[in-house]
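K.L.:
With the input below, show me the fold.
(chains A and B, ligands or ions: 2)
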Amino acid sequence: MAGLELRGVRKTYGSASLETLKGIDLKVEEGQFLILVGPSGCGKSTLMNAIAGLESITAGSILIDGQDVTDVEPKDRDIAMVFQSYALYPTMTVRENISFGLRIRKTPVERIDEEVARVAALLQIEPLLERKPAQLSGGQQQRVAMGRALARRPRLYLFDEPLSNLDAKLRVEMRTEIKLMHQRLKTTTVYVTHDQVEAMTLGDCVAVMKDGEVQQFGTPETIYKNPRNLFVASFIGSPPMNFVPVSVAGNAQRVSVRLNSDEGTAVIDAPGLDPALIGRTVLLGIRPEQIALNAHGERSGQEHDGAGVPTRVLVVEPTGPDTLLYAEWNGIKVCCRVAPDQAPAAGTASIWTIDARRAVYFDPESGERLA
Amino acid sequence: MADTRRMLNRVAIHGILLAACAVYLVPLLVMLLTSFKSPEDVRAGNLMTLPVEWTVIGWLKAWDTVSGYFWNSFMITVPAVLISTLIGALNGYVLSKWAFRGSNLLFSLLLFGCFIPFQVILLPMSFTLGKLGLANTTTGLVIVHVIYGLAFTTLFFRNYYVGIPDALIKAARLDGAGFFTIFFRILLPMSTPIVMVSLIWQFTQVWNDFLFGIVFASGEAQPITVALNNLVNTSTGAKEYNVDMAAAMIAGLPTLLVYVVAGKYFIRGLTSGVVKG
Ligand SMILES: Nc1ncnc2c1ncn2[C@@H]1O[C@H](COP(=O)(O)OP(=O)(O)OP(=O)(O)O)[C@@H](O)[C@H]1O
Ligand SMILES: [Mg+2]
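P.N.:
Ligands and ions are numbered 1, 2, ... in the order given. Model prediction:
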């Protein structure tokens, strides 16, 4: 049974002329973790509010655990939500904030104390329990907001960027805690994030949104390896995928594209491309880690799946765990990710081999995937 | 050179302030002094002199005459202020957080009520009160004040609540709180400054009201403002200025007290709404 199902959900705000949600269809299995990503203003928070019943929808229906809740009051949907703006009750202490929902629902006092203690330990906010929200830092407030949701055991959790304001270390810790907790509780969860790592690691599935539409919905792996269009490919991944305009050449038996650099040229097989495209320009998409560096003069890659482009490194950026190299192909800057000990110095020329099986192609006008 | 200029500026500013203070305070001083004079003193004396002999005769006599009306005013003011503030808060809550189709229009119409002069509603109001059988009663007067005050209290609370994020209401709704729970447990505890504004405003309006009092109440049910007027205007006998002044002080004391106690909230409330919005 689906934990959460959206059928053609549309939303136009009363005062707005444009539609904010343009027909969202999603189906999350019970107990799964859905990640919602998309650029600012694409309607993520609106969708969360719609699922919670806090904003009415103009069309479509929403099902939780198979039950149509489109016309059900928010409090009867059995949802807990972390708001992007925290929305802590300013006159209540942290303890009262966390326990408010439980008290309203007439939970026994011992249970309330237990739950507050549990989430306070989980979120490392025990020393703050008697403070008012105004006396907390942004990150502390965010953890309290998280605590308010986690204290309850609803059918569905909605998290709207719950870790965005935490420092890097705490963020990583919380991410793991959330994952652990989800593995234990198995509550269906929708989680909005701008963080690439959270998007890839937390979710069972990912929905990429743009302008009120779902661009692609699938497992993190599918989204990463097999993006449906240019937008998804460029949005997911950091550093982002390289997009190089290439002209399609060859014949019906063997379609290929050409990559030029100052150092030379390479012809790369593109077996997936339709021969009808020969003569046109398409965008070749290749992720930074799908480009490998061979020692200078070595051409081994060419004989296999990969194809080597003689390339001179323009800029070297060590990031710590790996090093980013920048160069130019077909007049476009491309990025390659290598292990730090393999990084050449700037100005070194070598053969950059791309993994042709992983390369993807897009229509430069429509952004649709070609191969 | 610059120093003397600054000096002169300062002298000028303080001079003006002192003069303004005097304009406000001298009448009060005269009232106070006169109220403590004996009747002979009043008849003989210059307004500005100190009492020859300090006495509370004036105050005692004034209290004797107006105390009944003083309590009348209390019985009118306290319920009128509390009810109009509470309903105003509820109105503001609905208009800002549970907006419905036409709620903005309704709010604009309500605002209109702030600008309707008292005189305009006298006849229709007395007609209505007559029909309800509430003419010349304290209840009737309370109702008049509540209705007339609602335009203002609604405006105060609506503008204050507009500045409070909607997400707060949404969070409470998901936590399972209903319409009144949200109002009483989330919003009202945050409303101290604006409640103070509303209380002070309404208290001053209702307590100081003369027109509604003289039109909608008569005889024993009159508020102190009307009684004070009657006292001062009695043409029999000599003018007892010490009693008049003491009675006027008694009539003015409660509003003064409210300002002293809650004045700082008043200022804070007026500004906090602005900044938060
Ligand atoms: N109450 C509202 N009335 C009118 N328009 C709104 C309202 N709330 C949001 N919008 C509009 O709807 C669109 C989507 O907003 P939403 O808050 O859902 O974006 P988001 O994806 O959550 O962005 P972010 O990543 O910045 O949080 C925006 O263009 C926004 O201006
Ligand atoms: Mg948002």
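K.L.:
Please make it C-alpha for all contacts and neighbour counts, starting now.
P.N.:
Noted.
K.L.:
Just give me the neighbour total for residue B:179.
P.N.:
13 (other Cα atoms under 10 Å in any protein chain shown).
K.L.:
per-residue pLDDT, it?
P.N.:
Listed pLDDT for residue B:179 reads 95.
K.L.:
give the contact list for it.
P.N.:
Listed by Cα atoms under 8 Å, 6 or more residues apart in numbering or on different chains, the contact set of residue B:179 is empty.
K.L.:
List phi and psi for it.
P.N.:
Dihedral pair for residue B:179: phi -50, psi -50, per degrees, to the nearest 10.
K.L.:
check which helix or strand covers the closest residue to residue B:135 other than its chain neighbours.
P.N.:
Leaving aside its chain neighbours, residue B:135 sits nearest to residue B:129 (5.1 Å; criterion: Cα to Cα, 6 or more residues apart in numbering or on different chains). Assigned by DSSP states H and E, residue B:129 belongs to helix B:118-132.
K.L.:
list the helices and strands that helix packs on?
P.N.:
Under the contact criterion of 3 or more Cα pairs under 8 Å, 6 or more residues apart in numbering or on different chains; DSSP states H and E, helix B:118-132 touches helix B:211-216.
K.L.:
was I right about residue B:50 contacting residue B:33?
P.N.:
Yes - when contacts are counted by Cα atoms under 8 Å, residue B:50 is listed as touching residue B:33 (6.4 Å).
K.L.:
Neighbour count: the two, which is higher?
P.N.:
Set side by side, residue B:50 and residue B:33 show more neighbours around residue B:33, with 19 against 15, by other Cα under 10 Å.
K.L.:
If I look at the more buried one, what pLDDT would I see?
P.N.:
Confidence score, pLDDT, at residue B:33: 89.
K.L.:
show me what contacts it?
P.N.:
When contacts are counted by Cα under 8 Å, 6+ apart, residue B:33 touches B:49-51.
K.L.:
Residue A:211 too?
P.N.:
A:20-21, A:41-43.
K.L.:
Most neighbours among those, please name it.
P.N.:
Within these, residue A:21 tops the neighbour count with 27 neighbours, counted by other Cα under 10 Å.
K.L.:
Please tell me I have it right and that one contacts residue A:212.
P.N.:
Yes - contact criterion Cα under 8 Å: residue A:21 and residue A:212 qualify, at 4.2 Å.
K.L.:
list residues touching both of these two?
P.N.:
Contact criterion Cα under 8 Å, 6+ apart; residues shared by residue A:21 and residue A:212: residue A:43.
K.L.:
Could you report the neighbour count for the residue nearest to residue B:135?
P.N.:
Residues near residue B:129, counting by other Cα under 10 Å: 20.
K.L.:
hang on, isn't it packed against residue B:137?
P.N.:
No - counting by Cα under 8 Å, residue B:137 is not a contact partner of residue B:129; they are 9.2 Å apart.
K.L.:
Measure how buried residue B:132 is and give me the count.
P.N.:
10.
K.L.:
Show the contacting residues for it.
P.N.:
By Cα under 8 Å, 6+ apart, residue B:132 has no neighbours at all.
K.L.:
mind listing what's buried in the helix holding residue B:129?
P.N.:
The neighbour-count check on helix B:118-132 (16 or more other Cα atoms under 10 Å in any protein chain shown) flags B:122, B:125-126, B:129 as buried.
K.L.:
Of these, which is the nearest to residue A:357?
P.N.:
residue B:125 (86.3 Å; Cα to Cα).
K.L.:
Quick one: residues contacting the closest one.
P.N.:
When contacts are counted by Cα under 8 Å, 6+ apart, residue B:125 touches residue B:144.
K.L.:
Any part of the helix or strand containing residue B:153 near chain A?
P.N.:
Per DSSP H and E, residue B:153 falls inside helix B:138-162. No - Helix B:138-162 lies out of reach of chain A by Cα under 8 Å from any Cα of the partner chain, never closer than 13.8 Å.
K.L.:
out of the contacts of residue A:211, who's near ligand 1?
P.N.:
Restricting the contacts of residue A:211 to those touching ligand 1 (Cα under 6 Å from any ligand atom) yields A:20, A:41-43.
K.L.:
Dump the residues you listed to TSV, plus secondary structure and pLDDT.
P.N.:
Putting these into TSV (DSSP: H, G, I helix; E, B strand; the rest coil; pLDDT from 0 to 100) gives the following:
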residue	secondary structure	pLDDT
A:20	coil	95
A:41	coil	93
A:42	coil	94
A:43	coil	95
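K.L.:
how far away is the nearest residue to residue A:123 once chain neighbours are set aside from residue A:159?
P.N.:
Distances taken as Cα to Cα, 6+ apart place residue A:143 nearest to residue A:123, at 6.2 Å, with adjacent residues excluded. Using Cα to Cα, to the nearest Å, residue A:143 is found at 12 Å from residue A:159.
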